[in-house]
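Trainee: missing the sequence, but the structure's below:
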């Protein structure tokens, strides 16, 4: 005797399975044999036979999956996109700051009274021209008015002064990377998490770089924390590498604003001038893209085991950018950086 409980039939093949089983029974196959051959419960088959007998074969047609019966109107689609693109989820009483398919589904149900599966929400998001992306985090302490003034007033003044003085404008920043920094993915059998051999030691390397709109890249390593002494050494290397006057735009780190640094800049007799970005505004500095390129696109994928391997990987990434200045020029195409080139 076949077991009464069979395996669950996928919705996409349920219609065909019903037709096959009922046709087989019509040709003389017993319910027990059909249940065994097609791995369907006896009670399920008897239920189908009853429905067909009472309501006809059409009553056994498979209905579309819940959530796909009603589509959103063009207006609702536009509203949905506006909420997702234009607002932080927390503004709409969600707990998290990053949109998920489940949260979007809840928003649709809350606003329009329609329930979609997460899979269908994903299809809907694709239709809206959206894709899952890693966001850039902005500090809530950032002053939007100061950012706007920097773009519209302060930077244009700096650019005008640089042109008048015959100086080159560079954007600079410092960063550190450790041997345990990893990024990227690798191919492996499904269900088997791949293992890449690296090191458990947290060996770090500190770096300084500066770039301009022409694709020129200056780079150097420095030891220890970034205090005034270390920053001044970085500035000396920059002056030795770049000819002529330099207008250097940096953030407001303490070493950048210290009395020692100001004294050194004064000693250059006008060859070097420093300008500070608005606070909490790394997105205004194209040099941030240098670190993304080095740390995430290159070093994070080599699984360095020693400090020397880490440095070697960094130097290769830097050499690549120096040999192809177009890479650096492309950093300025970020929409937050249009103010520099327009």
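Mentor: Looks like it arrived, so ask away. Just so you know, these numbers come straight off a predicted model, no measurement behind them.
Trainee: for the lengthiest strand in the chain, what is the average pLDDT?
Mentor: Taking DSSP state E as the criterion, the chain has its longest strand at strand 168-178. Mean pLDDT, computed over strand 168-178, is 95.
Trainee: In terms of secondary structure, what does that strand contact?
Mentor: helix 155-165, strand 204-211, strand 217-222, helix 228-241, strand 246-250, helix 288-291, helix 307-323 (3 or more CB pairs under 8 Å, 6 or more residues apart in numbering; DSSP states H and E). Yep, even glycine has a C-beta here, placed from its N, CA and C like the rest.
Trainee: Of all the ones you listed, which one is nearest residue 297?
Mentor: Of all those, it is helix 307-323 that lies closest to residue 297, at 7.5 Å by CB to CB.
Trainee: now the angle from the longest strand of the chain to helix 228-241?
Mentor: On the basis of axes from the mean of the first three to the mean of the last three CA atoms, to 10 degrees, strand 168-178 is oriented at 130 degrees to helix 228-241.
Trainee: Quick one: distance of strand 168-178 to the chain centre.
Mentor: For strand 168-178, the separation from the chain centroid amounts to 21 Å (computed by CA atoms, centre = their mean, to the nearest Å).
Trainee: relative to strand 204-211, how tilted is that strand?
Mentor: Interaxial angle, strand 168-178 versus strand 204-211 (the same axes, to 10 degrees): 160 degrees.
Trainee: list the buried ones in strand 168-178?
Mentor: Going by neighbour count (16 or more other CB atoms under 10 Å), the buried part of strand 168-178 is 168-175, 177-178.
Trainee: Closest one of those to residue 204?
Mentor: For those, the nearest to residue 204 is residue 178 (4.6 Å; CB to CB).
Trainee: tell me the contacts of that closest one?
Mentor: Residue 178 sits next to 202-205, 310 when contact means CB atoms under 8 Å, 6 or more residues apart in numbering.
Trainee: Please repeat the previous calculation with a cut-off of 10 Å.
Mentor: 199, 201-205, 295, 299, 304, 307, 310 (CB atoms under 10 Å, 6 or more residues apart in numbering).
Trainee: State the distance from it to residue 198.
Mentor: For residue 178, the distance to residue 198 equals 11 Å [CB to CB, to the nearest Å].
Trainee: between the two, what contacts are shared?
Mentor: Here residue 178 and residue 198 have residue 304 as joint contacts, going by CB under 10 Å, 6+ apart.
Trainee: pLDDT score for residue 44?
Mentor: Per-residue confidence (pLDDT) for residue 44: 88.
Trainee: For residue 61, see how far away it is.
Mentor: Distance from residue 44 to residue 61, by CB to CB: 16 Å.
Trainee: between these two, who's got more neighbours?
Mentor: residue 44 (19 against 9; other CB atoms under 10 Å).
Trainee: before we move on, which element is that one in?
Mentor: Using DSSP states H and E, the secondary-structure element containing residue 44 is helix 42-55.
Trainee: For that helix, name the packing helices and strands.
Mentor: helix 11-26, helix 31-38 (3 or more CB pairs under 10 Å, 6 or more residues apart in numbering; DSSP states H and E).
Trainee: Which segments of the chain make up each domain?
Mentor: In terms of domains, the chain is parsed into 11-60, 74-127, 144-341 (source: automatic domain parsing).
Trainee: Tell me which of those sits nearest to residue 133.
Mentor: Per CB to CB, nearest to residue 133 of the domains of the chain: domain 74-127, 10.1 Å.
Trainee: Pull up the distance across that closest one, start to finish.
Mentor: Chord length of domain 74-127, first to last residue, is 11 Å (CA to CA, to the nearest Å).
Trainee: just stretch 86-93 next, same as before
Mentor: With CA to CA, one end of stretch 86-93 sits 15 Å from the other.
Trainee: Contacts for that stretch next, please.
Mentor: 83-84, 94-100, 103-104, 106-107, 110-111.
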